[in-house]
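A.B. asks: I need the structure of the sequence given here:
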Amino acid sequence: MFHSLLLSLGRALARYLSQPHTSIQTGMPTDRAALAQQLQPGDVLLIEGNSRVSTVIKYFTQSTWSHAAFFVGPQLGGFNALGEPYLLIEADMLDGVCKRPLSHYYTYPTRICRPIGLSATDLQQVLMEITSKLGAQYDLRNVFDLARYFLPALPVHGLWRRRLLALGSGDPTRAICSSLIAEAFQSVGYPLLPTITVDRQEDPERHHAVTETIFHIHDRRLFAPRDFDVSPYFEIVKPTLTEDFDFHQIHWG
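C.D. replies: Residues are numbered from 1 along each chain as shown. Got it, this is the predicted structure:
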């Protein structure tokens, strides 16, 4: 009984948080044709949303990016009611882990983040990992976490923002947008924002110290959409700059 009530409350909160919220977008929607032409399998598409929950995520991450989707491409299969092919996977508050056509993001500012150095085998493993999550529920604990920060809030020190976004129950059968994608890349050992330490040990035979750089994987719940933007291991692709951009052709009002 209590679990059913909690589930109903979580869904009601998800519907509320998913509604559009009056806010100013900092960017312009990406040119549709250029976006479609530039996306490649394995790309992460960052989105500047305009929902209530987007406002919360932008505040706590100090970033314009509030959501992330993963581009699979035509091999994802299926079409929506308008006959548009499904090309991307995202974790949605209402629909869970689901397929999306590219048109779903046409009205939002977006950014392409591209992993570098993935082999064909690695890429297929990442694709298999993320597609295997289709149908999974959105983590309702995440909904409750975000809902409480939508209330009038006290100023939060920057050092605590990341911990406040350690969202989700940690249940691998559930997902939030960033953890879903981060987990897929971590399945092949691809770095996002690893913690790096240097281990220094004395080598008595060589009479000098040996240092080893060690990468530590972040808890998947600590990832936010902005991390793909600031990661040194993802290339930023701006479609408007890839096709012979010439600012002399701009007609100013």
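A.B. asks: what's the helix or strand for residue 183?
C.D. replies: helix 177-186 (DSSP states H and E).
A.B. asks: let me see the ranges of the helices in the stretch 101-250 of the chain.
C.D. replies: Using DSSP state H, counting those that start in this stretch, the helices found in the stretch 101-250 of the chain span residues 120-131, 140-150, 158-164, 177-186, 226-230.
A.B. asks: least reliable of the ones you listed by average pLDDT, please.
C.D. replies: Per-stretch mean pLDDT for those is lowest at helix 158-164 (a mean of 50).
A.B. asks: which one is residue 181 nearest to, not counting chain neighbours?
C.D. replies: residue 70 (5.1 Å; C-beta to C-beta, 6 or more residues apart in numbering). Yep, even glycine has a C-beta here, placed from its N, CA and C like the rest.
A.B. asks: ok, residues contacting the stretch of helix or strand that neighbour belongs to?
C.D. replies: Assigned by DSSP H and E, residue 70 belongs to strand 67-71. With contact meaning C-beta atoms under 8 Å, 6 or more residues apart in numbering, strand 67-71 is reached by 39-47, 49, 54, 57, 87-90, 100, 105, 130, 177-178, 180-181, 184, 225, 228.
A.B. asks: inside strands: which ones of these?
C.D. replies: 44-47, 88-90, 100 (DSSP state E).
A.B. asks: and those, which of them are buried?
C.D. replies: The neighbour-count test (16 or more other C-beta atoms under 10 Å) marks 44-47, 88-90, 100 as buried among the ones in strands among the contacts of strand 67-71.
A.B. asks: distance of residue 41 relative to residue 110?
C.D. replies: 17 Å (C-beta to C-beta, to the nearest Å).
A.B. asks: looking at those two now, which is surrounded by more residues?
C.D. replies: Between residue 41 and residue 110, residue 110 has the larger neighbour count (other C-beta atoms under 10 Å), namely 21 against 17.
A.B. asks: now do the same contact list for the more buried one.
C.D. replies: 29-30, 35, 45-48.
A.B. asks: what does the pLDDT read for it?
C.D. replies: pLDDT at residue 110 comes out at 94.
A.B. asks: setting aside sequence neighbours, what's the nearest residue to it?
C.D. replies: residue 30 (4.8 Å).
A.B. asks: and that neighbour, how many neighbours?
C.D. replies: Neighbours of residue 30 using other C-beta under 10 Å come to 22.
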